[in-house]
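*Asks:* A structural model of the following input is requested.
(chains A and B)
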Number of protein chains: 2
Amino acid sequence: MTSRLLLLGAGRSASSLIQYLLRHAPTERWFLTVADVNPAHLVPVLAAHTEYARAIPVDLANDALLEELVAQADVVISMLPAMLHPVVARACVRHGRHLATASYVGPEIRELHGEALAAGVTLLMECGLDPGLDHMSAMRAIAHIRARGGRITSFKSYCGGLLAPAAEGDNPWKYKFTWNPRNVVLAGQSTAKFLENGHLRFIPYQQLFCRTETLTVPDYGEFEGYANRDSLSYRAPYGLEEIPTMLRGTLRRPGYSAAWHALVRLGLTDDGVNLDNPETMTWAELVEAYLPTSLIPHLDLSQRVATYLGLNPVGDEIGLLNWLGLFSDKRVGHAHATPAQLLERLLAEKWQLQPHDHDLIVMQHLFEYELNGTTHRLTSSLAVEGDDATHTGMAKTVGLPLGMAVRRLVRGEVAAHGVVIPVLPELYEPILDELAAEYGIRFSEE
Amino acid sequence: MTSRLLLLGAGRSASSLIQYLLRHAPTERWFLTVADVNPAHLVPVLAAHTEYARAIPVDLANDALLEELVAQADVVISMLPAMLHPVVARACVRHGRHLATASYVGPEIRELHGEALAAGVTLLMECGLDPGLDHMSAMRAIAHIRARGGRITSFKSYCGGLLAPAAEGDNPWKYKFTWNPRNVVLAGQSTAKFLENGHLRFIPYQQLFCRTETLTVPDYGEFEGYANRDSLSYRAPYGLEEIPTMLRGTLRRPGYSAAWHALVRLGLTDDGVNLDNPETMTWAELVEAYLPTSLIPHLDLSQRVATYLGLNPVGDEIGLLNWLGLFSDKRVGHAHATPAQLLERLLAEKWQLQPHDHDLIVMQHLFEYELNGTTHRLTSSLAVEGDDATHTGMAKTVGLPLGMAVRRLVRGEVAAHGVVIPVLPELYEPILDELAAEYGIRFSEE
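*Replies:* Numbers count the residues shown, from 1 in each chain, chains lettered A, B, ... in the order given. Next comes the predicted model:
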């Protein structure tokens, strides 16, 4: 019997997921419906697969239509923005359909656990890269350590969506957007919390980017990691309630964080104020507006920024700001904006991924554990480069684990109902094996 | 004919307003209904005035009851929290009743302008201290300068709710709560914007409290002012669209801002994160959690905080933090809280106004204007001490202007309809005169 798969949302990041689903549709006996606001770009993708796949245009504000689509499917996959998932998940529970997404379990999804459980429905969340592959790989390593009788005392886990070395080129930030630019600009705007030697530790936003840790990833060199907002909430799902040290963080290339810290201190990442600026304001004028007038006026703008922030006027941070055009006569181009909106606009231009650029996904878990009275370390690293501008490292590492999870779900190999994340061996073992065997996506351990 | 006045909300800050309304009720032929959630405290206040005043308990969540009360009144005065004003204002417009409040004109109130105008209703907002008395006194000064042919080139206006010198005692912050503590803790959490010599200027939150200006107020000595969020939006209502320099700010005693800046940098004013802390956590443990572990461990906590923030370990800032008990074994007393919630809880205790304490309201306008080819300065200052713990400086300077505005409104002396703020001479002239003549509340000019 054919299983009807419904994929909601088919943006750029769904490319590898769609490829995976099409690859397995004939043998797994799937019929795939891809519902997207504007599915025109899917016509060539689906052209050779019309027997078992179709694309339909869908107005996602139309709840009745969404409801009907869900009712007609056996399993629903959503690549829609996370805020739309509660509506989708409620429809899935009502119609008894399983759901798979790469998004975090939010409060509204969590509330559906009991109902989904009662309905025998699996709401499989956090099945992409981060969250997703991080859970899977961490849980496998944790299970291995435990099976040998080890007690985990420290677990730090970092992930970053970056650039393959060749794509870094002469961009001194060594960074371009491979994911939601707005999220990058607003990253960390709260207080990060984690555990260190049994003590709660906090880093407020204004200190976050100057309190980084340096990591080395085989074949790719050094990275720096800053702490994510919440490193505590995964203790329970990982079964690490008593762990003394636990931190989750985000990776950048060395130098990025210090320069970003300068942007934070200048005030350019604030998204809470309308600056009432004209569209014609230049970046130099904008930066000038943030400086106290008491600074020595005959100095260059970049020198005054350095003086104000206590930076070396010919150092790396000022160099990175200068490369962005912060001291230039370039117009901000957007009236009545927040600083964060203007910065995002500038970065979207300077950090635009070019057609020939390959991205790079880096993930590293650092464990410390006690076994037979001695302390051991285990470092587990993953680096995945994109194949091309369509099948980026991001698209592959988000889409493939999700596709593989869907495959297990359709086959009835996921016994757990309710809200589920991939910390279960029945999910992470076959997915990690398939990623390694079929796609060469594997963690190296040392 | 008797006019029916409805006062919604009678918290502590309404004391002087109620006294004013009772004083004039017999001669002005008012009947005053005070509607409050819990009006028990009003019984003794109204005991001698039952012929023309009553208090009634009101569940303000009951919109139908609110509607009925508004329908039965001629003029409505609201001292409710600002967020409740749109509901009240809409009821006033529906029933053709004038409204007076001391709150800012928010977007929802602004939207009612057309409807109120059509209904012949006056929605008189911003009629307290700040906003309120600031508009009135500024507009009188601006009108005087203009009448002489002057052109205003700079207008800075500061206000603060502080302590009478005797009440400052040995509190090194020279500050206690005389107004909403939460607003004090969250003050400035955006980017301040103002105008300086024709240029937009911005100060982000993380720099706000280290970029203050020092002011001197006759008889009261020095204060320091930090910029308010938005100094630009009053250009239009003041008729100062072309002014090169305009800044509105908040006053504190010298030393407060530098120590508050340390709290901001530590991260203790963030209200966006649940710290997952236990109730039993001590303040020393909380502060410790914000410090990098790399700091020299044998130093005292206060010395490590000083090192971390680059402060003198025996300087004023650390002294002020120590006085709050930040380095002590005092428990934070509230589990799963935000840093701002914990700080507010601590400050509510340390900065509690005592029954014998008198508060102090300080306001200062600094004008520069050109007249006959030369630049002139005009400084206009107000200092109002509280009479006692009930008739505080805050209660007087908020309540009396509001009561006086209501008096004009009931008399039909306010011709303007729609959303109105007291920048009109028909309002500010009689109110400023009455404040000076009857209450000795007057600005000194130099």
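
*Asks:* which ones are touching A:Asp270?
*Replies:* A:Asp270 makes contact with A:338-340, B:190-191, B:204-205, according to C-beta atoms under 8 Å, 6 or more residues apart in numbering or on different chains. C-beta here means a position set from N, CA and C on the backbone, and glycine is covered the same way.

*Asks:* I figured A:His358 was touching A:Pro165, is that so?
*Replies:* No: applying C-beta atoms under 8 Å, one finds A:His358 not in contact with A:Pro165, separated by 9.2 Å.

*Asks:* ok, these two, which is more surrounded?
*Replies:* Taking A:His358 and A:Pro165 together and counting by other C-beta atoms under 10 Å in any protein chain shown, A:His358 has the greater number of neighbours (19 against 15).

*Asks:* Now that one: closest residue in space that isn't a chain neighbour?
*Replies:* A:Ala164 (3.9 Å; C-beta to C-beta, 6 or more residues apart in numbering or on different chains).

*Asks:* Now do that neighbour, the pLDDT please.
*Replies:* pLDDT for A:Ala164: 96.

*Asks:* Report the separation between it and chain B.
*Replies:* 33 Å (C-beta to the nearest C-beta, to the nearest Å).

*Asks:* centroid residue for chain A?
*Replies:* A:Asp130 (5.1 Å; C-alpha atoms, centre = their mean).

*Asks:* show me what contacts that one?
*Replies:* Taking C-beta under 8 Å, 6+ apart, we find A:Asp130 in contact with A:159, A:363.

*Asks:* Now it: phi and psi?
*Replies:* Main-chain dihedrals, A:Asp130, degrees, to the nearest 10: phi -140, psi 90.

*Asks:* Are we agreed that A:Leu66 is in a helix?
*Replies:* Yes: the assignment for A:Leu66, made by DSSP: H, G, I helix; E, B strand; the rest coil, places it in a helix.

*Asks:* Which residue, neighbours along the chain excluded, lies closest to it?
*Replies:* The spatially closest residue to A:Leu66, leaving aside those adjacent along the chain, is A:Ala91, at 6.1 Å (C-beta to C-beta, 6+ apart).

*Asks:* mind listing what whichever residue of the stretch 301-446 of chain A sits closest to chain B touches?
*Replies:* Closest approach of the stretch 301-446 of chain A to chain B (C-beta to the nearest C-beta) occurs at A:Pro339, with a separation of 6.7 Å. Residues counted as contacts of A:Pro339 (C-beta under 8 Å, 6+ apart) are A:267-271, A:273, A:275, A:286, B:191, B:202, B:204.

*Asks:* sorry, back to before: looking at pLDDT only, which of the contacts of A:Asp270 scores worst?
*Replies:* Model confidence across those bottoms out at B:Ser190, which has 89.

*Asks:* now that we're looking at that one, how far away is B:Phe202 from it?
*Replies:* 10 Å (C-beta to C-beta, to the nearest Å).

*Asks:* Run a quick check on A:Leu275 versus A:Ala340, I expect a contact.
*Replies:* No: with contacts counted by C-beta under 8 Å, A:Leu275 stays clear of A:Ala340, the gap being 10.3 Å.

*Asks:* With neighbour numbers in mind, choose between these two.
*Replies:* Per other C-beta under 10 Å, whichever of A:Leu275 and A:Ala340 has more neighbours is A:Leu275, with 23 against 20.

*Asks:* that's a helix at the more buried one, yeah?
*Replies:* No: read with three-state DSSP, A:Leu275 is coil and lies in no helix.

*Asks:* Let me see the contact set for it.
*Replies:* When contacts are counted by C-beta under 8 Å, 6+ apart, A:Leu275 touches A:286, A:336-339, A:342, B:191, B:193, B:200, B:202.

*Asks:* A:Gly160: what secondary structure?
*Replies:* Put simply, A:Gly160 is strand when judged by three-state DSSP.

*Asks:* That one pairs with what?
*Replies:* A:Val362 (DSSP bridges).

*Asks:* Can you report how many residues lie near it?
*Replies:* Neighbours of A:Gly160 (other C-beta under 10 Å): 24.

*Asks:* go on, A:Ala289?
*Replies:* 20.
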